[in-house]
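Enquirer: need a 3D model of the sequence below.
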Amino acid sequence: MTISRTKRQLLSLSLVAIGAVGASAALSGCVGYTTYPAIQGAGGGKNTNVGDVFDNVAFSYKWMMRNYPPGNSSSPTEEIFVPTDKAGVPQTGPVAISFLPGMRRESCLRVMEIIGSGAVALTPDTSSLPTYRISTLDVLGDSARVTVHRPVGNDSAGNPLYQAVTLRLRGGMSRWHVVSHRVWGVNTVQPPEAVYLPSADAPPPPLPDPNAPDAAPPAPEPNGSPESGSIS
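Expert: Predicted coordinates:
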């Protein structure tokens with residue numbers, strides 16, 4: 001069977017168009033839409049075990065360890081000096097890392113692998129260490145927003161105090177990096193419950209259903225004024 005010249009041209013144009021669409025999708029760094037906690041009526045995925053989620057979790061924790069180590073609360077006038085080794089790893093003692101609800105054990109271990117030295121997974125045995133936590137995470141394409149809570153000591157009753165820092169990141173097809181961040185006052189943003197590293201034989205907890213009648217509405221922006229505005 002022969003194909004006419006016109007049909008061959010149309011076929012070639014179709015293949016070119018398909019290739020262009022595929023290339024455009026690849027260059028855009030499309031990694032889908034994920035939000036944690038689940039938001040009622042949101043159309044994005046809620047799987048905390050996909051790469052764009054634990055990549056952002058790991059990078060955000062690592063950035064916070066370098067720039068906002070455990071200790072006193074920071075302010076626009078306070079410079080934080082963090083002693084580091086030759087590789088740039090903070091030398092402030094080990095910290096514990098809390099995970100997101102629904103994360104499988106292998107995802108948590110991947111987070112710890114990306115973070116590297118200076119941090120250990122949160123378990124009953126490491127719960128006495130200063131612990132970093134994440135309360136919100138939104139990933140849309142090549143941009144993300146993550147709110148991390150850093151430990152800043154204890155109050156007079158011995159209860160741990162936390163300070164939230166909201167990071168805005170860009171990445172996708174390129175390496176994720178912080179483009180700006182905002183520091184909030186101590187306990188201005190409520191820290192989330194700690195999530196331990198799942199045991200090897202424990203099934204992952206079910207993910208929340210964002211369309212359930214009792215699903216929580218979207219969380220409002222934190223009340224109060226931040227201690228510092230967006231800083232590149």
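Enquirer: start to end distance for stretch 146-160?
Expert: End-to-end span of stretch 146-160 (C-alpha to C-alpha, to the nearest Å): 21 Å.
Enquirer: now do the same for residue 111: helix, strand or coil?
Expert: Following DSSP: H, G, I helix; E, B strand; the rest coil, residue 111 is assigned to helix.
Enquirer: burial measure for it, as a count.
Expert: 25 (other C-beta atoms under 10 Å). Bear in mind the C-beta positions are built from the backbone N, C-alpha and C, glycine included.
Enquirer: show me what contacts it?
Expert: Applying C-beta atoms under 8 Å, 6 or more residues apart in numbering to residue 111 gives the contacts 54, 57, 58, 61, 97, 99, 103.
Enquirer: in stretch 132-145, which of the residues would be classed as buried?
Expert: For stretch 132-145, burial by neighbour count (16 or more other C-beta atoms under 10 Å) applies to 132-140, 142-145.
Enquirer: A strand includes residue 53, no?
Expert: No - applying three-state DSSP, one finds residue 53 to be helix, outside a strand.
Enquirer: need the contact list for it.
Expert: 34, 36, 47, 100, 137, 139 are the contacts of residue 53 under C-beta under 8 Å, 6+ apart.
Enquirer: got the residues you listed as a markdown table, with secondary structure, pLDDT and distance to residue 188 columns?
Expert: Output for the contacts of residue 53, formatted as a markdown table (DSSP: H, G, I helix; E, B strand; the rest coil; pLDDT from 0 to 100; distance: C-beta to C-beta, whole Å):
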| residue | secondary structure | pLDDT | distance to residue 188 |
| --- | --- | --- | --- |
| 34 | strand | 61 | 25 |
| 36 | strand | 70 | 20 |
| 47 | coil | 73 | 29 |
| 100 | coil | 92 | 21 |
| 137 | strand | 92 | 18 |
| 139 | strand | 88 | 24 |
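Enquirer: need the residues you listed in JSON lines (columns: distance to residue 187).
Expert: Output for the contacts of residue 53, formatted as JSON lines (distance: C-beta to C-beta, whole Å):
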{"residue": "34", "distance to residue 187": "27"}
{"residue": "36", "distance to residue 187": "21"}
{"residue": "47", "distance to residue 187": "30"}
{"residue": "100", "distance to residue 187": "21"}
{"residue": "137", "distance to residue 187": "20"}
{"residue": "139", "distance to residue 187": "26"}
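Enquirer: ok, which stretches of the protein are strands?
Expert: Listed in chain order, the strands found in the chain under DSSP state E are 33-36, 95-97, 119-121, 131-140, 143-154, 160-170, 177-186, 228-231.
Enquirer: confidence-wise, which of these is weakest overall?
Expert: Mean pLDDT values for the strands of the chain show the minimum at strand 228-231, a mean of 41.
Enquirer: just send the buried residues of stretch 132-145 back as JSON lines, with distance to residue 198 too.
Expert: What follows is these, written out as JSON lines (distance: C-beta to C-beta, whole Å):
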{"residue": "132", "distance to residue 198": "18"}
{"residue": "133", "distance to residue 198": "16"}
{"residue": "134", "distance to residue 198": "16"}
{"residue": "135", "distance to residue 198": "20"}
{"residue": "136", "distance to residue 198": "21"}
{"residue": "137", "distance to residue 198": "18"}
{"residue": "138", "distance to residue 198": "24"}
{"residue": "139", "distance to residue 198": "22"}
{"residue": "140", "distance to residue 198": "27"}
{"residue": "142", "distance to residue 198": "30"}
{"residue": "143", "distance to residue 198": "29"}
{"residue": "144", "distance to residue 198": "24"}
{"residue": "145", "distance to residue 198": "26"}
